[in-house]
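Enquirer: missing the sequence, but the structure's below:
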């Protein structure tokens with residue numbers, strides 16, 4: 001990778017970044033993608049199995065490190081599903097859809113709903129109304145009454161919203177204001 005000089009920082013554009021990367025970074029390799037998907041899912045599922053058996057055997061002191069390690073590999077599985085959603089997992093849309101469903105399904109994240117909302121995030125990145133992926137990073141004058149109420153009651157946001165927010169996310173369609 002080429003090193004960018006401090007004086008060139010203001011002149012950086014996407015083509016300079018692409019040209020600085022090795023060409024094989026942009027080649028989609030289905031066999032390599034499937035191998036990493038298989039590895040990450042196997043490790044994640046194996047760790048889940050170990051946790052279940054550790055819990056039954058009473059090894060509670062070992063559960064926290066196992067939870068951390070399992071969460072790491074669940075994140076790796078999510079990243080593979082993320083690549084499927086972007087179409088960078090393979091050249092074939094049907095393979096991307098199937099593998100996205102499998103990976104996200106294994107960690108109980110609805111792939112189609114996530115892909116829709118993630119696409120809207122990229123189309124409206126950092127827009128004060130249309131990008132709802134990062135609502136904590138906004139100007140309060142654009143808050144809806146519901147957002148303002150959650151800001152006034154942080155305990156409600158901390159305890160109730162995570163429980164019901166996931167179900168609301170699953171049930172409501174993604175809408176974009178034009």
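Expert: Looks like it came in fine. The model shown is predicted, which means the values in this text are computed figures rather than measured ones.
Enquirer: Find the helix or strand that residue 15 is a member of.
Expert: Using DSSP states H and E, residue 15 sits in helix 14-20.
Enquirer: Span of stretch 81-98 from start to end?
Expert: End-to-end span of stretch 81-98 (CA to CA, to the nearest Å): 10 Å.
Enquirer: Identify each buried residue in the helix or strand just after the helix holding residue 15, please.
Expert: In the C-terminal direction, the helix or strand that comes right after helix 14-20 (DSSP H and E) is helix 30-57. Across helix 30-57, burial judged by 16 or more other CB atoms under 10 Å covers 33, 36, 37, 40, 41, 43, 44, 47, 50, 51. Every C-beta, even on glycine, is put in place using the N, C-alpha and C of the backbone.
Enquirer: Adding distance to residue 73 as columns, could you present the residues you listed in JSON lines?
Expert: Listed next are the buried residues of helix 30-57 as JSON lines, based on distance: CB to CB, whole Å:
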{"residue": "33", "distance to residue 73": "17"}
{"residue": "36", "distance to residue 73": "11"}
{"residue": "37", "distance to residue 73": "12"}
{"residue": "40", "distance to residue 73": "6"}
{"residue": "41", "distance to residue 73": "8"}
{"residue": "43", "distance to residue 73": "5"}
{"residue": "44", "distance to residue 73": "4"}
{"residue": "47", "distance to residue 73": "6"}
{"residue": "50", "distance to residue 73": "12"}
{"residue": "51", "distance to residue 73": "12"}
